[in-house]
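# pasting the sequence and the predicted coordinates here, then a few questions.
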Amino acid sequence: MALLWLRVALVCYTVGLLYALVALTRASSWLERVALHAAYLGMVFQFVSLTEGFRLSGQFSLASAHSAESVLAFLIMAIFMIVYLIYRTTSPGIVIFPVVFLLVFVACTGEQAFMRMLPGMREGWLIAHITLIFAGYAALILSFGSSLIYLLQERSLKSKKASGMLAQLPALEVLDQMSFRLLLFGFPFMTLGLIAGVIVEEATYGHVAYLDPKFLLSILMWAVYLLLLYTRWSAGWRGRRAAYLATGAFAAAVIAWAANYFSAIHRFVRS
Amino acid sequence: MNFQLIGVNHKTAPVEVREKFNIPESKIPEALRHLQAHPGVDGGIILCTCNRVEILAQTTNGSADLRTFLGRHFQLDTNLFSEHLYELREQEAVRHVFRVASSLDSMVVGEPQILGQVKEAYATARALGAVQPHLEQLMTRAFAVAKRVRTETAIGSSSVSVASVAVDLAKKIFGSLKGKHVYLVGAGKMSELAARHLLSNGAASIFVANRTHERAVELAQKFDGEAILFEQLYETCDRADIVITSTGAPHAIFRPEHGALFLTRRKNRPMFFIDIAVPRNVSPEMNGLDGIFVYDIDDLQQAVSSNVADRRKEAEHAERIINSEIERFQGRLQTLEVVPTIVSLQDHFETIRQAEIDRVRGRLGQLSSEQERALDTLTRGIINKIMHTPMRTLKTAAREPEATTLIDVVRRLFNLENKNGTKSGGAAGGS
């Protein structure tokens, strides 16, 4: 059943994806409204799917790689909706909807393989670790999205030609503020999430493997994130430079995520 | 319908002609009284703006001589102006009223003021009792059409002046203009206008620098701003978010090295340069800097003309809306004409039926309630059957031009005229 609800959610998000594709060429307020409502609906179905998955597995279902993607997608959508409530714009959706669609699609098609709780693993800390890290990821992805839209808007203003969707994008300052606030919002989550991860590891293995690729890459990602925040704050970096840095942080995050597949300590699926 | 319209506007007549027909606001009631006193005119509305003078009249039979009215009222020979005057009747008059109210006939298509002017003209005429029911219907519909055009098309949404395009662009960069500072470099008329626009859209304050410092002080005072010595331009310019240049300098005052300096001082907060000087005051290479946006007069004008083109496209859409509205309006008006006839026809038959029943009841003696009901059903049934086809024909004909003739025939056939005032008047009010 959990999978069924997730698939229904996927159908809803497909409308969002459609909106993102159409929005690049022309503005359609009608489609925007439909996409927004479909997204609400998708979130409801996804929430049902997540709770059901959790109830069925009897243990914390986040530990499945595929439902983890679903959780991440859900958090991204939640933050997207908060941004919408504050700024009344669905523009980040241009980037966010495809990402969410992809995550949910992967979660839908994958096998629901669960990681077995290792003896000594503290579930509370694990939940904290995963939720916090994912909230950080979600904020980072949205910030990255609004940085990309900043670039689009900047290019359209520089080229002195604005048409279709480009004419409807939020103002540069608004986009800049949005992406900076999202970064600020995500950073404490990321930091606390990493700390929680270390605590889980300590409790499970009795020591912390500082040289494990997952650990190193996570630290790297955190450092890039910090750098991004610092340059924004101190030098007011925005536009192209900020977008490059955000891309860097995003790439680091993706790599840190991918490290799951070759880390000795951090595996979802038992091989 | 019997609507007639005569007028001159910016398309048909130059200002020398338009001013001859101009009626000052205070004289409009007098002109309306003249109009109503004119033979064949039942009521009317006079619209007089700087771009048009139009007289819309509801006439008794659709053939009042409005030209003579104009001639008499303005005491001039209308034959001299026949190439400038246009006269429209019925459907074309309706279309014209709809188009004017929707701002499709305006000099700047989509400008919003005209609707207010039409509403005012209507209110003036109404206060004088010059607005007859059909005219009332027409105007109410025209306002609804104007509203529909405004909401369903983007006709009024784009800016079509250089100053308002500049404001739009500033909003695209800064979001809100609240708290943003404007720097005028050079104190020309154009930059003053742009500054006024920016201020009325929320900009916080204005700095002015000019070669002749007195002029800068003068302009700064006008806006409650701050005059700055021209020599201090580069030191102070980074305080502004929006810079409007309009000096007569023969070469660029602002070059990329200045821009880079400003950006460092501003921690990369963006700047918007509006260069309305020719030759240009801002080097175009500045636009290549991250966070600096330079628009020269050509860029702005290009945006204006592309917006004008957009409006034209939207205007086509609006014309389609108007076409469909004209059809609806005609249908409504004619149904309105038919309704009283149908009601009095029904009354007429009902009276006959009641009279006949009363007459026959004496002969039949005491009837049981069952028989009473049967009698009632029978007579009603007969009348309904007979009435069915004529009623349907009348209702269908309501949408055709021959409705009036048909109504006439029916009224005469059944001799409905004499009862019209007493019975059907009340019934029509309730239907």
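Alright, I've got the coordinates. All of these numbers come straight from a predicted model, not from anything done at the bench. Numbers count the residues shown, from 1 in each chain, chains lettered A, B, ... in the order given.
# every contact and neighbour count from this point should use C-alpha atoms.
Will do.
# what's the closest residue to chain B within chain A in contact with, if anything?
Of the residues in chain A, the one nearest chain B is A:A171, at a distance of 4.4 Å by C-alpha to the nearest C-alpha. For A:A171, the contacting residues are A:Q153, B:K171, B:K172, B:I173, B:F174, B:G175, by C-alpha atoms under 8 Å, 6 or more residues apart in numbering or on different chains.
# state the pLDDT value of residue 113.
This is for chain A. Note on A:A113: pLDDT of 48.
# other chain: chain B
83.
# also the one 10 residues further on?
According to the predicted model, the pLDDT of B:A123 comes to 90.
# can you confirm it is in a helix?
Yes. Per DSSP: H, G, I helix; E, B strand; the rest coil, B:A123 lies within a helix segment.
# against B:A93, how distant is it?
Using C-alpha to C-alpha, to the nearest Å, B:A123 is found at 19 Å from B:A93.
# kindly report the same for A:L226.
70 Å.
# mind checking which of B:A123 and B:A93 has more residues around it?
Ranked by neighbour count (other C-alpha atoms under 10 Å in any protein chain shown), B:A123 and B:A93 place B:A93 first, with 19 against 15.
# still on that earlier bit, of the contacts of A:A171, which is the nearest to A:I82?
The shortest approach to A:I82 among the contacts of A:A171 belongs to B:G175, at 19.3 Å (C-alpha to C-alpha).
# torsion angles phi and psi at the closest residue to that closest one other than its chain neighbours?
The shortest distance from B:G175 to any non-neighbouring residue, by C-alpha to C-alpha, 6 or more residues apart in numbering or on different chains, is to A:A171 (4.7 Å). Main-chain torsions, A:A171, degrees, to the nearest 10: phi -70, psi 150.
# likewise B:E226?
Torsion angles, degrees, to the nearest 10, at B:E226: phi -130, psi 130.
# now for it, how many residues are close by?
17.
# wait, doesn't it sit right on B:V217?
Yes. Using C-alpha atoms under 8 Å, B:E226 makes contact with B:V217 at a distance of 7.5 Å.
# where do the strands of the stretch 151-300 of chain B begin and end?
Ranges of strands in the stretch 151-300 of chain B, per DSSP state E, counting those that start in this stretch, are B:181-185, B:205-210, B:226-229, B:242-245, B:271-275, B:292-296.
# out of these, flag the one nearest chain A.
Nearest to chain A, of the strands of the stretch 151-300 of chain B and by C-alpha to the nearest C-alpha, is strand B:292-296 at 6.4 Å.
# wondering if that closest one reaches chain A at all.
Yes. Strand B:292-296 lies within reach of chain A by C-alpha under 8 Å from any C-alpha of the partner chain, at B:F293, B:V294, B:Y295.
# quick one: the last one from A:Q168, how far?
Right, B:Y295. Counting by C-alpha to C-alpha - B:Y295 and A:Q168 are separated by 20 Å.
# contacts only, for A:C12.
A:A38, A:A39, A:L41, A:G42.
# which residues does the second one contact?
In this case it means A:A39. A:C12, A:Y13, A:V15, A:G16, A:M77.
# these two touch, right, the second one and A:F97?
This points to A:Y13. Yes. The pair A:Y13 / A:F97 is scored as a contact, 7.0 Å apart, by C-alpha under 8 Å.
# low-confidence ranges, chain A, go.
A:1, A:24-28, A:56-66, A:110-122, A:162-167, A:260-271 (pLDDT under 70).
# mind giving me the packing neighbours of the lengthiest helix in it?
Scanning chain A for the helix with the most residues, using DSSP state H, yields helix A:123-159. Contact partners of helix A:123-159 among helices and strands, from 3 or more C-alpha pairs under 8 Å, 6 or more residues apart in numbering or on different chains; DSSP states H and E: helix A:65-87, helix A:93-109, helix A:172-205, helix A:239-258, strand B:292-296.
# would you turn the strands of the stretch 151-300 of chain B into CSV with mean pLDDT and distance to B:V108?
Output for the strands of the stretch 151-300 of chain B, formatted as CSV (pLDDT from 0 to 100; distance: least, C-alpha to C-alpha, whole Å):
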stretch, mean pLDDT, distance to B:V108
strand B:181-185, 93, 28
strand B:205-210, 92, 30
strand B:226-229, 93, 35
strand B:242-245, 94, 26
strand B:271-275, 93, 24
strand B:292-296, 93, 23
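# mind checking which of the ones you listed is nearest A:M178?
Proximity to A:M178 (C-alpha to C-alpha) singles out strand B:271-275 among the strands of the stretch 151-300 of chain B, at 18.9 Å.
# can you list the strands that that closest one pairs with?
Strand pairing for strand B:271-275, determined by DSSP bridges: strand B:242-245 (parallel), strand B:292-296 (parallel).
# what residues of the shortest one count as buried?
The one in question is strand B:242-245. B:I242, B:V243, B:I244, B:T245 (16 or more other C-alpha atoms under 10 Å in any protein chain shown).
# in CSV, list those along with distance to B:Q302.
Output for these, formatted as CSV (distance: C-alpha to C-alpha, whole Å):
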residue, distance to B:Q302
B:I242, 20
B:V243, 20
B:I244, 18
B:T245, 18
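# out of the residues you listed, who's nearest A:P213?
B:I242 (49.4 Å).
# ok, what's across the strand from that closest one?
Counting by DSSP bridges, B:I242 is bridged to B:V182, B:F272.
# hmm, B:R269 and it touching each other?
No. Using C-alpha under 8 Å, B:I242 makes no contact with B:R269, being 11.3 Å away.
# and B:G430, what's its pLDDT?
35.
# can you report how many residues lie near residue 153?
Since you didn't name a chain, this refers to chain A. Neighbours around A:Q153, by other C-alpha under 10 Å: 25.
# hmm, no, I was thinking of chain B.
If we define neighbours as other C-alpha under 10 Å, then B:T153 has 19 of them.
# ditto for B:L184
B:L184 has 30 neighbours, counted by other C-alpha under 10 Å.
# ok, it touching B:A209?
Yes. Under the criterion of C-alpha under 8 Å, B:L184 makes contact with B:A209 at 6.3 Å.
# ok, now which ones touch the nearest residue to A:V8 once chain neighbours are set aside?
Distances taken as C-alpha to C-alpha, 6+ apart place A:F45 nearest to A:V8, at 6.7 Å, with adjacent residues excluded. By C-alpha under 8 Å, 6+ apart, the residues touching A:F45 are A:W5, A:L6, A:V8, A:A9.
# one more time with 10 Å
A:A2, A:L4, A:W5, A:L6, A:R7, A:V8, A:A9, A:L10, A:C12, A:A39 (C-alpha atoms under 10 Å, 6 or more residues apart in numbering or on different chains).
# can you select the buried ones among those residues for me in ChimeraX?
Per 16+ other C-alpha under 10 Å, the buried members of the contacts of A:F45 correspond to this ChimeraX selection:
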select /A:2,5,6,7,8,9,10,12,39
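# can you lay out the contacts of A:F45 as a markdown table showing secondary structure?
Output for these, formatted as a markdown table (three-state DSSP):
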| residue | secondary structure |
| --- | --- |
| A:A2 | helix |
| A:L4 | helix |
| A:W5 | helix |
| A:L6 | helix |
| A:R7 | helix |
| A:V8 | helix |
| A:A9 | helix |
| A:L10 | helix |
| A:C12 | helix |
| A:A39 | helix |
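# if we can go back for a sec, between the buried residues of strand B:242-245, which is nearest B:L367?
Once C-alpha to C-alpha is applied, the member of the buried residues of strand B:242-245 that ends up nearest B:L367 is B:I242, at 95.2 Å.
# would you confirm that the closest one contacts B:A203?
Yes. Look at B:I242 against B:A203 with C-alpha atoms under 10 Å: they come within range, at 9.4 Å.
# what's the closest non-adjacent residue to the residue lying farthest from the centre of chain A?
Going by C-alpha atoms, centre = their mean, the residue of chain A most distant from its centre is A:K160, 32.8 Å out. Excluding the flanking residues, the one nearest A:K160 by C-alpha to C-alpha, 6+ apart is B:D299, at 7.0 Å.
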